[in-house]
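Participant: Provide a 3D model corresponding to the input given below.
(2 chains)
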2 protein chains.
Amino acid sequence: MPKIEPRLPKGMRDFLPADMLKREYVFSVVKEVFHLYGFEPIQTPVLELSETLLGKYGQDAENLIFKVQHSRSSKEPLAMRYDLTVPLARVVALHENQLTLPFKRYHMAPVWRGERPQRGRYREFYQCDADIVGVPDMSADAEIIGVVVTALKRLNFPQFTVKVNNRKLLTGMGVYSGVPENQLAELYRSVDKFDKIGADGVEKELKSHQIEPEVVNRMMHLIQIKDGGLESLNALESKMQDIPIAVEGISELRQLAEALDHAYISLEHFEFDFTMVRGLGYYTGPIFETVITDPNLGSVTGGGRYDNLIGLFRRESLPTTGTSLGIERMIDVMDLLNLYPAELNRTVVEVLVTIFDEKGKAEATRLAAELRASGVATEFYMNGQTRLGKQIGYADRKGIPLVAFIGPDEIAAGQVKLKHMGNGDEYIINRDVVASKVYELLQKQPVRESAR
Amino acid sequence: MPKIEPRLPKGMRDFLPADMLKREYVFSVVKEVFHLYGFEPIQTPVLELSETLLGKYGQDAENLIFKVQHSRSSKEPLAMRYDLTVPLARVVALHENQLTLPFKRYHMAPVWRGERPQRGRYREFYQCDADIVGVPDMSADAEIIGVVVTALKRLNFPQFTVKVNNRKLLTGMGVYSGVPENQLAELYRSVDKFDKIGADGVEKELKSHQIEPEVVNRMMHLIQIKDGGLESLNALESKMQDIPIAVEGISELRQLAEALDHAYISLEHFEFDFTMVRGLGYYTGPIFETVITDPNLGSVTGGGRYDNLIGLFRRESLPTTGTSLGIERMIDVMDLLNLYPAELNRTVVEVLVTIFDEKGKAEATRLAAELRASGVATEFYMNGQTRLGKQIGYADRKGIPLVAFIGPDEIAAGQVKLKHMGNGDEYIINRDVVASKVYELLQKQPVRESAR
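Facilitator: Now for the predicted structure:
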């Protein structure tokens, strides 16, 4: 039969066990934090009807969506989900009778975008989203920032800051500066590049859009007001007290800061940054973006309030705010800075049971079964003809912490020899207490009966 | 803006939190058993190159594969994975330098098949596979059966049996009976329907394929030999000792039974059934299928040895055996028989912190932050204007076990009132020990510092 060359699609990845265990560690910490904040898991299909996705993200994004065909689904154009936010809006509208508001949900799942592959950018990647549906109050936005801060702290991220801005305030600044209403979208797009092209770049771009120089100057001054704290809000309010939408945006940011203070989240972890825009069109109020500041590694989470999106699928919309953790970027940063706990293992296996010879295989099988029944993750070496040294080498390569030997002497004495691969120590143990010794050596909590 | 009707693609499902928690319970038990047996997690992309998938499953199956297109991937025809076995073969061939054999991996992930949707059959569904690459010995097949038996026992499945057969033995039976070699595939296909159409149906179908009546009679007699145990192997061997492939198949089944015995797995949980075939063409040795016997609910797992598949992607193949747990079917059966533990909650939230009035919101926010810092999954009720009765109703509807009250009296006294929703008991607790009381009431283990 002709061979097929084993290949991956462009921009997509396999994860082998050692990498998977690192990823799962990150996911489990994030999940634990979502639970602490009372967010509940949901799951939606990878495929959505095309009509559900199209028209939500803007044309550039839409070009990146993967289309799916099937002989039985020709009357049903399908697409692979592009993010987890639009599926949430669909879910809320579809199942509204089964949901109790406020609805706090999280969703950890892959999304697909046909981007040009490059370092750190993939065509299949995971997102971890937490959103709150049904709460207009800024306490919900504070919860979202709380989740982000707590997750990054628990993952040992060193310096980071959640940058906070408000779409209403940005609009107010545009109005105050004299930007014509039909150019506000262009204004957002240019300011959004502040991080990349700097103040000069944004200024040049705005002027190239035929926005008058004094308008641009006023705008550039406003967005660059920064001490990061409440003072900057006061400064803006004193200028824009006659622009209702600006006043509303500032008031939201004040309420947000207050709610964060009550939740013990200080300016150490967030700051106001009026140059931060967030690309997506659907945001309506506060917006958030977390940057790793030292070393300067760019943004790892983004989010904000989008009170109108659910209204696309439902007669009346519902106020909603949330965040998406850029978990792939976070994992890249964790790899780079080696933020994983020292005790994180490269394998799930706790003990390798070796096989002395073909005759000893039965007893080794029994020992493995006994260890497993006691809750010890056990591999037994299945190719019996392999010499012991090679079996130990296998444990070493895989990072298995303990190796068990049960040769003729041990069988006769009802004992087992345990070798600690880290320090080379060996222990001769009575067979009936091997599992306890393993628990002790691995500093593992005994499994409660109820958990078995 | 025009509204879009919120709809799901045919044969696909959303899972809301209460269902997700049930599913996650099942997945976590299976995962724990995979770990006990030393299987390691991997992940592959949902999309594979079409050439990777096509030609592996037979034409009928291939018609069910979803094709994927993208403007940037036109030179790269893509398809959504149909199972987790072919991706494993590709992974082993692609990453052989990074893998240590034997390679024991598990993979829990969705697959897509464009089947006609019907009750219990979906177009997107999860599979949970465990496979062992690199071990020709039957001890690997025994490990696979061990995983299945242990997982079903831990999930509280009542009566179940792993049916075991062997492809070599089936071929031997065909040869012995006088089935022409070019009709062996047809023979498998007909025998595979034994469960559905019975002995008479299979007999009729074989005869309709122009297989001679006495050949059919010989074959029907052989496949229906059953006491389920080693005796039936003896009976077959005495007849077919001159058919080498039959002798080989019987010998493999004997070794398998012996290895299962060493692993303390008895005939209570497996039996030989020579009418069981398994549809897929790539099996080469022992095959397994688990049926729920009482009540008779059909099959929940399938698997077997496929020593040639990896050879499609690699110069030399590697002996491989494994199983796929039909996790969706298992969940359906668990729902039907209500096999979930009584303590499984409908929500991740442990405490709802209520809000007495707008003024008390700050203190409620602080209490929620304190509980979270102590590891308690806490929701605080974010719409402050809601009266307490309605907030309690919300906790009740969501199944939150404990509700905390912090009104003016409690704030003044530095206390919190806790209400146990199950029995209505109320407790007045000093604020600094609320978390401990919650742990006590929920019989929750304190979080170790190292796990935080």
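Participant: got a list of what the residue nearest to the spatial centre of chain A touches?
Facilitator: Residue closest to the average C-alpha location in chain A (CA atoms, centre = their mean): A:Ile327, at 3.2 Å. Applying CB atoms under 8 Å, 6 or more residues apart in numbering or on different chains to A:Ile327 gives the contacts A:Val26, A:Phe27, A:Val30, A:Met108, A:Tyr126, A:Gln127, A:Cys128. Where C-beta positions appear, they are placed from N, C-alpha and C, glycine not excepted.
Participant: can I get those in TSV including pLDDT, distance to chain B and neighbour count?
Facilitator: Compiled in TSV, these are given as follows (pLDDT from 0 to 100; distance: CB to the nearest CB, whole Å; neighbours: other CB atoms under 10 Å in any protein chain shown):
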residue	pLDDT	distance to chain B	neighbour count
A:Val26	97	13	21
A:Phe27	98	11	15
A:Val30	98	13	23
A:Met108	98	11	18
A:Tyr126	97	10	20
A:Gln127	97	14	18
A:Cys128	98	15	25
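Participant: max pairwise distance over the residues you listed: which two?
Facilitator: Of all pairs drawn from those, the greatest distance, 12.9 Å, lies between A:Val26 and A:Gln127 (CB to CB).
Participant: hang on, the earlier thing: secondary structure added to the contacts of A:Ile327, as a markdown table?
Facilitator: Listed next are those as a markdown table, based on DSSP: H, G, I helix; E, B strand; the rest coil:
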| residue | secondary structure |
| --- | --- |
| A:Val26 | helix |
| A:Phe27 | helix |
| A:Val30 | helix |
| A:Met108 | strand |
| A:Tyr126 | strand |
| A:Gln127 | strand |
| A:Cys128 | strand |
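Participant: closest to A:Met220 out of these?
Facilitator: Out of those, the member with the shortest distance to A:Met220 (by CB to CB) is A:Gln127, at 33.3 Å.
Participant: the closest one and B:Phe39, how far apart?
Facilitator: Distance, A:Gln127 to B:Phe39, by CB to CB, to the nearest Å: 27 Å.
Participant: ditto for A:Leu16
Facilitator: 13 Å.
Participant: quickly note the distance from the closest residue to A:Gly178 other than its chain neighbours to chain B.
Facilitator: Counting by CB to CB, 6 or more residues apart in numbering or on different chains, A:Val215 is the residue found nearest to A:Gly178 once chain neighbours are left out, at 4.4 Å. Counting by CB to the nearest CB, to the nearest Å, the gap from A:Val215 to chain B is 30 Å.
Participant: list the contacts of A:Val215.
Facilitator: Taking CB under 8 Å, 6+ apart, we find A:Val215 in contact with A:Ser177, A:Gly178, A:Val179.
Participant: list phi and psi for it.
Facilitator: For A:Val215, the backbone dihedrals (degrees, to the nearest 10) come out as phi -60, psi -50.
Participant: cool, A:Asp131 as well?
Facilitator: phi -140, psi 150.
Participant: in the stretch 151-300 of chain A, what residue comes closest to chain B?
Facilitator: A:His262 (3.8 Å; CB to the nearest CB).
Participant: quick check: closest non-adjacent residue to that residue.
Facilitator: Counting by CB to CB, 6+ apart, A:His262 lies nearest to B:Thr365, which is 3.8 Å off, once chain neighbours are set aside.
Participant: got a list of contacts for the helix or strand that contains the one you found?
Facilitator: For B:Thr365, the element it lies in under DSSP states H and E is helix B:361-373. Helix B:361-373 is contacted by residues A:36-37, A:139, A:142, A:146, A:150, A:258-259, A:262-264, B:351, B:353-356, B:378-381, B:384, B:404, B:406, B:411, B:416, B:431, B:434-435, B:438 when judged by CB under 8 Å, 6+ apart.
Participant: separate out the buried members of those.
Facilitator: The neighbour count (16 or more other CB atoms under 10 Å in any protein chain shown) marks A:36-37, A:139, A:142, A:146, A:150, A:258-259, A:262-263, B:351, B:353-356, B:378-381, B:384, B:404, B:406, B:411, B:416, B:431, B:434-435, B:438 as buried among the contacts of helix B:361-373.
Participant: quick one: the helices in the stretch 351-452 of chain A, in order.
Facilitator: In the stretch 351-452 of chain A, the helices defined using DSSP state H, counting those that start in this stretch lie at A:361-373, A:388-398, A:408-413, A:434-441.
Participant: can you put the ones you listed in CSV and add mean pLDDT?
Facilitator: What follows is the helices of the stretch 351-452 of chain A, written out as CSV (pLDDT from 0 to 100):
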stretch, mean pLDDT
helix A:361-373, 95
helix A:388-398, 94
helix A:408-413, 95
helix A:434-441, 96
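Participant: tell me the most buried of these?
Facilitator: Comparing these by mean neighbour count (mean count of other CB atoms under 10 Å in any protein chain shown), helix A:361-373 ranks first with a mean of 22.
Participant: where does pLDDT dip in chain A?
Facilitator: A:1-2, A:73, A:280, A:384, A:446-452 (pLDDT under 70).
Participant: and the residue nearest to the centre of chain A, how far from B:Asn430?
Facilitator: Distance from A:Ile327 to B:Asn430, by CB to CB: 39 Å.
Participant: repeat that for A:His35.
Facilitator: In terms of CB to CB, A:His35 sits 26 Å off from B:Asn430.
Participant: likewise for A:Val277?
Facilitator: A:Val277 is 47 Å from B:Asn430, by CB to CB.
Participant: quick one: which of these two has more around it?
Facilitator: Of the pair A:Val277 and B:Asn430, A:Val277 is the one with more neighbours under other CB atoms under 10 Å in any protein chain shown, namely 23 against 12.
Participant: in which helix or strand does the more buried one reside?
Facilitator: Applying DSSP H and E, one finds A:Val277 in no helix or strand.
Participant: residues near the closest residue to it other than its chain neighbours, how many?
Facilitator: Nearest residue to A:Val277, sequence neighbours excluded (CB to CB, 6+ apart): A:Asp192, at 3.9 Å. The number of residues packed near A:Asp192 is 15, by other CB under 10 Å.
Participant: for the one 4 residues further on, same thing?
Facilitator: Using other CB under 10 Å, the number of residues around A:Lys196 comes to 8.
Participant: swap in the one 10 residues further on?
Facilitator: Using other CB under 10 Å as the criterion, A:Leu206 is surrounded by 24 other residues.
Participant: shouldn't it be in contact with A:Glu214?
Facilitator: No: in terms of CB atoms under 8 Å, A:Leu206 does not count as a neighbour of A:Glu214; the distance is 11.6 Å.
Participant: what parts of the stretch 151-300 of chain A come near chain B?
Facilitator: A:Arg154, A:Glu258, A:Ala259, A:His262, A:Ala263, A:Tyr264 (CB under 8 Å from any CB of the partner chain).
Participant: among those residues, which two are most distant?
Facilitator: Checking those with CB to CB, the most distant pair is A:Arg154 and A:Glu258, at 24.7 Å.
Participant: give the contact list for the residue nearest to A:Val277.
Facilitator: Here A:Asp192 is in contact with A:Val277, A:Arg278, A:Gly279 (CB under 8 Å, 6+ apart).
Participant: so how far is stretch A:140-156 off the chain centroid?
Facilitator: With CA atoms, centre = their mean, to the nearest Å as the basis, stretch A:140-156 stands 11 Å off its chain's centre.
Participant: with adjacent residues omitted, what lies nearest to A:Met330?
Facilitator: A:Val300 (5.0 Å).
Participant: I misspoke; the intended subject was A:Pro77.
Facilitator: A:Ser50 (4.0 Å).
Participant: was I right to think that neighbour contacts A:Ala79?
Facilitator: Yes: using CB under 8 Å, A:Ser50 makes contact with A:Ala79 at a distance of 4.6 Å.
Participant: looking at the two, which one has more neighbours?
Facilitator: Between A:Ser50 and A:Ala79, A:Ala79 has the larger neighbour count (other CB under 10 Å), namely 22 against 16.
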